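Q: the sequence isn't on hand, but the structure is:
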């Protein structure tokens with residue numbers, strides 16, 4: 001049997017995964033990148049992704065792209081006596097990661113854990129309490145790296161990237177947090193403390209340091225909030241971002257022809273390879289360059 005182009009591409013990517021060149025959670029080449037690197041149609045690239053997803057090697061992370069699949073089986077206790085708050089929270093987080101926060105309910109948790117719904121209330125007061133515990137657990141995943149003699153910029157880059165990876169693992173998390181009414185959970189204090197401490201020498205005033213901390217947090221969260229929206233859009237349309245954009249190109253080209261705006265026309269005729277990861281990295285650079293100019297001035 002002749003191997004199709006999509007199967008050939010999938011086999012090459014499978015080899016990279018099995019060799020460890022592409023590890024769990026890492027991005028696979030986007031459909032548009034595949035079209036450029038392998039000189040194939042977008043439909044062929046999309047089928048290659050589908051082959052890897054069907055094989056259990058990849059998954060689509062909304063707003064991010066197709067990544068190497070992380071195997072995260074939800075804990076399932078063997079009896080009611082083994083149900084504890086940590087297990088309940090971990091299971092709730094796993095459901096939210098896979099299906100969105102709206103899918104988390106006490107009844108659903110009871111089914112997943114093989115216990116009666118009322119048995120959960122001995123460890124979790126109600127759904128609001130459960131959400132606080134989920135926020136605490138996920139925000140506490142961030143761990144400060146070794147600082148050494150790193151300056152404020154390196155420290156803030158590490159803080160921002162670590163928080164971004166947390167949001168990527170948990171697409172629901174950014175929308176569940178609030179800047180104006182932050183949840184009172186200890187899990188997030190470590191990140192705040194790291195940023196404030198990193199700025200001590202450059203910015204002695206604590207209030208100004210806290211302003212910078214809020215600005216950095218708002219940038220990371222504001223970018224990550226698109227993850228949940230994209231997840232919902234994918235569920236409704238059945239199309240990932242690249243596939244959806246392909247359906248819009250004829251409409252956008254017609255608008256370009258009507259309006260005659262040269263930059264927009266060029267952009268539509270040379271499709272933009274959208275990546276939230278790239279937007280995040282560029283935005284972080286712009287933000288820290290501006291902060292550096294402010295502090296150095």
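A: Received the coordinates, thanks. Please read these numbers as outputs of a predicted model, since none were measured by experiment.
Q: for the spatially closest residue to residue 7 that is not a sequence neighbour, phi and psi?
A: Nearest residue to residue 7 in three dimensions, chain neighbours excluded: residue 51, at 6.4 Å (Cβ to Cβ, 6 or more residues apart in numbering). C-beta: built from backbone N, CA, C; applies to glycine. With angles defined as degrees, to the nearest 10, residue 51 sits at phi -60, psi -40.
Q: tally of neighbours for residue 51?
A: 19 (other Cβ atoms under 10 Å).
Q: again, but for residue 30
A: Neighbour tally, residue 30, other Cβ under 10 Å: 19.
Q: roughly how far apart are it and residue 15?
A: To residue 15, residue 30 is 19 Å away according to Cβ to Cβ, to the nearest Å.
Q: so the spatially most central residue of the chain is in which element?
A: Compute the mean C-alpha point of the chain, and by Cα atoms, centre = their mean the closest residue is residue 168, 1.8 Å away. Taking DSSP states H and E as the definition, residue 168 sits inside helix 152-169.
Q: so which elements touch that helix?
A: Applying 3 or more Cβ pairs under 8 Å, 6 or more residues apart in numbering; DSSP states H and E, we find helix 152-169 packed against helix 127-139, helix 173-176, helix 189-198, helix 206-237, helix 276-296.
Q: residue 257: which of the ones you listed is closest?
A: helix 206-237 (25.6 Å; Cβ to Cβ).
Q: mind listing what's buried along whichever helix or strand comes after that closest one?
A: Using DSSP H and E, the next helix or strand after helix 206-237 towards the C-terminus is helix 241-259. When burial is assessed from 16 or more other Cβ atoms under 10 Å, helix 241-259 yields the following buried residues: 241-243, 245-246, 252, 256.
Q: now for the nearest residue to residue 246 once chain neighbours are set aside, how many residues are close by?
A: Nearest non-adjacent residue to residue 246, counting by Cβ to Cβ, 6+ apart: residue 42, 6.1 Å away. Residues lying near residue 42 (other Cβ under 10 Å) number 16.
Q: contacts only, for residue 42.
A: Contact partners of residue 42, counting by Cβ atoms under 8 Å, 6 or more residues apart in numbering, are 31-32, 35, 242, 246.
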